[in-house]
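Colleague: just to be clear, the model below is a prediction. Sequence and coordinates:
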Amino acid sequence: MLFSIIQSEWYKLRKSKIIFIILAGPLVGLFTGLNSNIAAENGELNKWYFIFMMMTLTYALLFLPLVTGVLAGFICRYEHQEGGWKQLLSLPVTRGRVYMAKFILLMGLVFFIQLLFLASLYTAGLIKGVQDPFPMQIVWKSIFGGWIATFPLVALQLWMSMIWKSFAAPFTVNVIGTLPAILAVNSETFGPIYPWGQPFLMMYIGGGTDAVFFIPWEQVLGVVGGSFLIFFTGGLLYFKRKMV
């Protein structure tokens, strides 16, 4: 049943023409990688690291948090039009499964975007003629960590998108949360506890590569895991009590 709901949600989302949203971040990353001056890196640093760090600055700090809000807005847009919630919930499905289906689909799309970003990194390196060994383990750690970091953001944006009919309202909330992350990630006080800064901190390989996802395990569990439980539970409880 859950898989059938996910298929239905994907069909509705596919009609929204989200392909440009999915490709935007990886393409921006590819452009950044191609314009990175690897010749300026004359040290012992693997040039793949240099390109990846340049690409991550814009992608993980701005695009990745913002795209969660855009996708969440699209996945609830159909239901907010012409009594869509009543039509959906009149079917023999539980609200919990509908909520889970939307969340799983969103996380699947975000992971797909992460894979495209990985492909853009490899493409940029090949075009730039990088001869250093490709650090697959470290890069995969970054890609997967960035995806894990979006769990609370996706849960929050799904919650907001279910509350407001306006597409602009939840997106505005996400922008307000994303922009301060530029300053927060540079702060030893606010960076480790700011949810919108976690995608960057968990993808930026300039940190300690020995730590889990480049940040302390306590930060992964406390900030990412804790905020995810709060936002996911809050959204689920709201949706179960939502008047339609």
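Modeller: All right, it came through fine. Numbering: from 1, shown residues only.

Colleague: nearest residue to Leu34 other than its sequence neighbours?
Modeller: Spatially, and ignoring its direct neighbours in sequence, Leu34 is nearest to Ala124 (5.3 Å; C-beta to C-beta, 6 or more residues apart in numbering). Using the backbone N, CA and C atoms, a C-beta is placed for each residue, glycine as well.

Colleague: next secondary structure after the host helix or strand of that neighbour?
Modeller: Element membership of Ala124 [criterion: DSSP states H and E] is helix 95-128. Using DSSP H and E, the helix or strand that follows helix 95-128 in sequence is helix 136-149.

Colleague: contacting residues for Pro152?
Modeller: Taking C-beta atoms under 8 Å, 6 or more residues apart in numbering, we find Pro152 in contact with 195, 198, 224, 227-228, 230-232.

Colleague: flag the shaky bits of the chain, pLDDT-wise.
Modeller: Per-residue confidence of the chain (counting by pLDDT under 70) places the weak regions at 1, 39-44, 82-83, 206-211, 244.

Colleague: circling back to that earlier point, how far off centre is the helix holding Ala124?
Modeller: Centre-to-centre, helix 95-128 and its host chain are 8 Å apart (C-alpha atoms, centre = their mean, to the nearest Å).

Colleague: rewinding a little: burial count for the residue nearest to Leu34?
Modeller: Residues lying near Ala124 (other C-beta atoms under 10 Å) number 24.

Colleague: and what of the one 4 residues further on?
Modeller: Lys128 is flanked by 19 other residues according to other C-beta under 10 Å.

Colleague: what number of residues lie near Ile5?
Modeller: Neighbour count for Ile5, taken as other C-beta under 10 Å: 21.

Colleague: actually, Ile176.
Modeller: 10.

Colleague: Ala169 versus that one, what's the distance?
Modeller: Computed as C-beta to C-beta, to the nearest Å, the Ile176 to Ala169 distance reads 11 Å.

Colleague: what do you get for Ala181?
Modeller: Using C-beta to C-beta, one gets 20 Å for the distance from Ala181 to Ala169.

Colleague: those two: which is more packed in?
Modeller: Ala181 (23 against 14).

Colleague: can you pull the contacts of that one?
Modeller: Ala181 touches 61, 65, 194, 196-197, 200, counting by C-beta under 8 Å, 6+ apart.

Colleague: and for Gln219?
Modeller: Applying C-beta under 8 Å, 6+ apart, the residues near Gln219 are 192, 198, 201.

Colleague: that one: what secondary structure?
Modeller: For Gln219, the assignment made with DSSP: H, G, I helix; E, B strand; the rest coil gives helix.

Colleague: and for stretch 184-195, what's in contact with it?
Modeller: Contacts for stretch 184-195 (C-beta under 8 Å, 6+ apart): 61, 152-153, 156, 177, 180-181, 183, 196-197, 200-201, 215-216, 219, 223-224, 227.

Colleague: buried only: go through those for me.
Modeller: Buried subset of these (neighbour count, 16 or more other C-beta atoms under 10 Å): 61, 152-153, 156, 177, 181, 196-197, 200-201, 215, 219, 223-224, 227.

Colleague: sorry, back to before: between the contacts of Gln219, which sits nearest Met136?
Modeller: Met136 lies nearest to Leu201 out of the contacts of Gln219, by C-beta to C-beta, at 21.2 Å.

Colleague: hmm, back to that, just the contacts of Ala181 now: which is nearest Trp85?
Modeller: Distance to Trp85 across the contacts of Ala181 (C-beta to C-beta) is lowest for Pro65, with 26.8 Å.
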